[in-house]
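Enquirer: Sequence first, predicted model second:
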Amino acid sequence: MTTQLQDILPAYEAVALIANSESVVIDEIVAALPEQTLYVFFTGCAKVLKGPFPRDAILCHRLVAGGTRFLKSQKHFDRAYAFFPDGLKAEVGMIADRGLAAGEPPPATARESTLTPQTIDFDHSFGRFYPEGRMPTTGFALALWLIEAMPQARIHLCGFTGVAGLQFNMYAEHDWTFEQTVLSLFEQSGRLTRLAQGGGLSTDAFARIHARFPEFGEARVALTAAQALANRFTGMERQMAKLWAMTKMRRQIRAFFKRLFK
């Protein structure tokens, strides 16, 4: 059950979700947030942490196969735990499978797991909310759960840009456009804030469409533009994921010789 996490959060002034993103500079984030902040990291936090993290923190792990096993291997856990020598405030397992087709029922009851002290079943809480056939990121799933379960929590997203970097992998199985749309809506409503946010798109070109063809209302132009951008982005990220996989061996060889001749 998640009652333990719900008991922990009210003691903090803010909750910071730290994405495994190249845009994260952890020292700048800590300096920008209140002293009484609870930091939420994910299993692969070795990508963004360089040394022991002295603040209060929890770890969130993705669970697969109905909560019967972890997605990440033991080496990721060993690396993560090394950054928190004083221990963690909590560990949470997140079950978030692929989005369901229309008419397919979500889990009748929330699934639990013995692998972590606390389990959150995103699929049970949100049903058919996520786009069919694609899988929510663990950070997005936890952010949305916090917004609904802890409406008074001050949530800060750190590094949640949805933009592919040059160093870390970008997975096409997630619907980044959908996630960024939802998070931006909650940001606009004041339910969460962002740190290290990526740049947005200019709406000037879309405003010109409405000015020239007023029969197309602003809302219709915006929705149509969003659909077009989503289609283009989905195709682009799939090609990027394919290219990244094709060049993996070359990058590994280059990194090996770089380390060898340092």
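Expert: In hand now; what should we look at? Numbering: from 1, shown residues only.
Enquirer: Okay, now the unreliable bits of this structure?
Expert: Within the chain, the stretches with pLDDT under 70 are 1-3, 162-172, 196-213, 225, 228, 232-233, 235, 262.
Enquirer: Show me the strands in it, by range?
Expert: For the chain, the strands defined by DSSP state E occupy 14-18, 37-42, 57-64, 69-70, 90-95, 118-121, 155-158, 192-195.
Enquirer: Just send those strands back as CSV, with mean neighbour count and distance to Lys50 too.
Expert: Backbone N, C-alpha and C define where each C-beta goes, glycine included. Shown next, in CSV, are these (neighbours: other Cβ atoms under 10 Å; distance: least, Cβ to Cβ, whole Å):
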stretch, mean neighbour count, distance to Lys50
strand 14-18, 23, 13
strand 37-42, 24, 13
strand 57-64, 21, 15
strand 69-70, 15, 24
strand 90-95, 22, 22
strand 118-121, 23, 28
strand 155-158, 23, 16
strand 192-195, 18, 18
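Enquirer: Mind putting those strands into TSV with distance to His76?
Expert: Formatted as TSV, the strands of the chain follow (distance: least, Cβ to Cβ, whole Å):
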stretch	distance to His76
strand 14-18	15
strand 37-42	10
strand 57-64	9
strand 69-70	8
strand 90-95	13
strand 118-121	19
strand 155-158	20
strand 192-195	24
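Enquirer: Do a quick rundown of the helices in this protein.
Expert: For the chain, the helices defined by DSSP state H cover 3-8, 26-32, 74-82, 122-126, 138-149, 176-188, 204-212, 218-246, 248-260.
Enquirer: Would you mind giving the ones you listed as CSV with distance to Leu88 and mean neighbour count added?
Expert: Shown next, in CSV, are these (distance: least, Cβ to Cβ, whole Å; neighbours: other Cβ atoms under 10 Å):
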stretch, distance to Leu88, mean neighbour count
helix 3-8, 11, 14
helix 26-32, 16, 14
helix 74-82, 8, 13
helix 122-126, 21, 19
helix 138-149, 15, 21
helix 176-188, 25, 17
helix 204-212, 45, 12
helix 218-246, 32, 13
helix 248-260, 31, 9
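Enquirer: Select, out of those helices, the one closest to Lys47.
Expert: Between Lys47 and the helices of the chain, the tightest spacing by Cβ to Cβ is seen for helix 74-82, at 9.5 Å.
Enquirer: can you list contacts of the closest one?
Expert: Contacts with helix 74-82, where a contact means Cβ atoms under 8 Å, 6 or more residues apart in numbering, come from 41, 43-46, 52, 59, 61, 70.
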